[in-house]
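Engineer: Take a look and give me a structure for this.
(chains A and B)
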Amino acid sequence: MMDWRKVWVVTRHEYLTNVRRIGFIIMTASVPVLGVAVLLFGTFFSGQARQLGAYLEQQFEVGDKAIGVVDGSGYFSPILPEYREDFVPFESEAEAEAALQAEEVSKVLLIGDDYLETGRVVVLSTGSGFDAAVISDSATVRAFFVDHLLTGQVDPALQARATTPAKVESRVISSGGETQSEGPWGFAFTFIIPYFLAIFLVMTIFTSSGYLLQSVAEEKESRVIEIVVSSVRPVELMAGKVIGLGALGLTQVLVWVGSAMGFSGGAAALLTVAGAVSIPTRVLVLGVVYYLLGYTLYAILMAGVGALGATMRESQQLAGIFSFFAAVPYMISSFLFTNPNMTIARVLSFFPLTAPTMMMMRVPLAEVPVIDVVGSIVVLLISIPAALWVGAKLFRVGLLIYGKRPTLREIWLILRSDTAFRRT
Amino acid sequence: MIIQIQNLTKRYGDVVAVDDLSFEVERGEIFGLLGPNGAGKTTTIRVVMDILTPDEGSVTVLGRPPGQAKNQVGYLPEERGLYRNLKVLHTLTYLAELKGVSRSAARERAMALLERIQLDDWAARKVKDLSQGMQQRLQLVASLVHDPEVIFLDEPFQGLDPVNVERVKNFIADLHREGKTIVLSSHQMNLVEALCDRILLLNHGRPVLYGPLAEIKREYAPNIIRVSASQIPADLPGVAEVEPDDGAFNLTLAEGTGPQEALRGLLDRGVEVQAFEISPAPLEDIFVAVVSGEEA
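Structural biologist: Numbers count the residues shown, from 1 in each chain, chains lettered A, B, ... in the order given. Okay, here's the model as predicted:
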């Protein structure tokens, strides 16, 4: 039987003392401050930013200067009227080279008499070999070749298709049959923003369970724990800490999400992203579910482990085991973008210590199989009472072991012993 | 009866910390819980505080199981410590709230207690800014900020300078006068003697002495009498040794001779006895004698 009034006293105490910690304030303020910085930077330097954008774009296009053509094959003489502004014919290679040196043209295409058989085209430029690559990828240059080869030979509609074989537009079909059609930017943002949100959530799980570890270890190290457990039952203390510090983590998330939403309007305008970036309800709901389950599991384990260490440092070392498991999904996160349903990601979604983080990262990226969602939630729902059982025992016993860390054998005996520590 | 312990046994693995222990603490008394290190005192206290659960036997506090009496019991643990980064008043308020006291009542009582131990000027300071002696005093009032009926003080004089020992001693005496029941565990036998009504001496988890202090001391009175007289004849019957001591004489009695017989002998010989006293054994001597007798 829990005394919920005492749980509430612990909850409020933990929340109020930790919310004033410098570390928490800095961490929580980091996202809004970063957002303000980005917006200010964007406003002050928007002119330069646009120039930078134009410069980058230029690097991937052929540029505004004309391209010289030395035609040995005959297919490109005379140059069609619509290309005369961008392409200038030269009689000889030497003449074209002189024009290139004089910067009258940006590049020169040398088309040999074996062009039809080999397709060989030499690109002369003053820059790097990179220019040749740009030429071969340039839509303008491709149109120049296709149009000169096919004009008068085929149906104009067919010719137009040969120049631009496909105009791509993205459309994602979900299992519900709904479709969403957005520009490529909107598409990317719909996935990237929830994905980073998931990473933020994962971070708060670890910051708040880290605070939990710290709060337990501090009470133990300062010995005040003996007074505390003579006033409240260990399970009440643990519950109060888990709830209070969970609320602390949630505060952080709300500040982050709130400021991100506030700034995203500004950021969207700045990046001229068409269309609002929306987070699908499914991602939001599952995000909250995994957040709560994940935090509860980790918080209970951290409380149990925090109680075992004789000092803060020792408790943190012990908790390192869990941090390692939590980091595993991060390690494979770069592969997740290409295949969110890869086998290893699915396997990790069924393992309790990695399930919350893994699923939080996968859900925004793709339609995750229902079995994975249900399975991971069931695994977590089973693991939490198990963790509570183990965690509460370790917590109760660990609290009163001073000066030394119990050995693995002692921990095992504690877990097995049924009479001595029956009442957790 | 405020605390009743019957056949309490508590083991840690193979080690028996408390072995079939029974005793009672009466309302309003100062009860001394004594014993060498490792005798089982702290374990016993922790069971009464509901920090540990007994393996066998029963414990009632104010007629209830320990878990249901937590709010009426105060505890100064031997292992000292408070929240170092919390403010003094906040610390006391929180600890009182954990004992079920409402926030406003907790704050009021905390302020009153801080005044009583002359720490009211430090209420808004952090605990870590306090001196060692101040922290000890704060720790002491932390155990009674919720106005408990019973207070367990485990080594309250440990590490205190003589001035603070005197302060704490007077503080305990005041609490006693207010009608609180106090269970005192200490190695300072002179202070136990000065304060306690009844004692329990534990060794290896078992009781070796239990009862009113005066009775125990009488029982263990050594065969020495102290006589004030101008002089003592050398060949008194039943007296083994005569030793002058600060204007008086300590007479060690022979086996089988009682103090009254010795007095009669003195009067018979015409000695003018100005004062006659059966010198009690210091509790410390009883403690050492009983415990080392057990070891032998």
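Engineer: switch to C-alpha atoms for all contacts and neighbour counts from now on
Structural biologist: Noted.
Engineer: hey, where'd the helices end up in the stretch 51-200 of chain B?
Structural biologist: In the stretch 51-200 of chain B, the segments counted as helices under DSSP state H, counting those that start in this stretch are B:88-98, B:103-116, B:132-142, B:162-177, B:189-195.
Engineer: how about JSON lines for those helices, with mean pLDDT added?
Structural biologist: Converted to JSON lines, these look like this (pLDDT from 0 to 100):
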{"stretch": "helix B:88-98", "mean pLDDT": "95"}
{"stretch": "helix B:103-116", "mean pLDDT": "94"}
{"stretch": "helix B:132-142", "mean pLDDT": "90"}
{"stretch": "helix B:162-177", "mean pLDDT": "92"}
{"stretch": "helix B:189-195", "mean pLDDT": "89"}
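Engineer: export those helices to JSON lines and tack on distance to B:Glu261 and mean neighbour count?
Structural biologist: JSON lines is the format used below for the helices of the stretch 51-200 of chain B (distance: least, CA to CA, whole Å; neighbours: other CA atoms under 10 Å in any protein chain shown):
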{"stretch": "helix B:88-98", "distance to B:Glu261": "59", "mean neighbour count": "25"}
{"stretch": "helix B:103-116", "distance to B:Glu261": "52", "mean neighbour count": "18"}
{"stretch": "helix B:132-142", "distance to B:Glu261": "49", "mean neighbour count": "20"}
{"stretch": "helix B:162-177", "distance to B:Glu261": "39", "mean neighbour count": "15"}
{"stretch": "helix B:189-195", "distance to B:Glu261": "29", "mean neighbour count": "16"}
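Engineer: Could you list the low-pLDDT ranges of chain A?
Structural biologist: A:1, A:42-64, A:127-134, A:136, A:168-198, A:200-201, A:261-280, A:400-406, A:410-411, A:413-424 (pLDDT under 70).
Engineer: And it, what are its domain boundaries?
Structural biologist: Domains of chain A are assigned by automatic domain parsing as A:4-44+A:181-416, A:58-163.
Engineer: Deepest in the core, which of those domains is it.
Structural biologist: Across the domains of chain A, averaging neighbours per residue (mean count of other CA atoms under 10 Å in any protein chain shown) puts domain A:4-44+A:181-416 on top, at a mean of 19.
Engineer: Whether it contacts chain B - can you check?
Structural biologist: Yes. Counting by CA under 8 Å from any CA of the partner chain, chain B has neighbours in domain A:4-44+A:181-416: A:5-6, A:9-10, A:13, A:219, A:222-224, A:226-232.
Engineer: Quickly check those residues for the two that are furthest apart.
Structural biologist: Within those, two members stand farthest from each other by CA to CA: A:Arg5 and A:Ser222, at 24.8 Å.
Engineer: So which elements touch the helix or strand encompassing A:Gly23?
Structural biologist: Element membership of A:Gly23, judged by DSSP states H and E, is helix A:22-44. Secondary-structure packing of helix A:22-44 (3 or more CA pairs under 8 Å, 6 or more residues apart in numbering or on different chains; DSSP states H and E): helix A:234-270.
Engineer: And the helix or strand following the helix it packs on, what does it pack against?
Structural biologist: With elements assigned by DSSP H and E, the helix or strand that comes after helix A:234-270 is helix A:281-308. Counting contacts by 3+ CA pairs under 8 Å, 6+ apart, helix A:281-308 packs against helix A:184-221, helix A:234-270, helix A:312-331, helix A:355-362, helix A:370-398.
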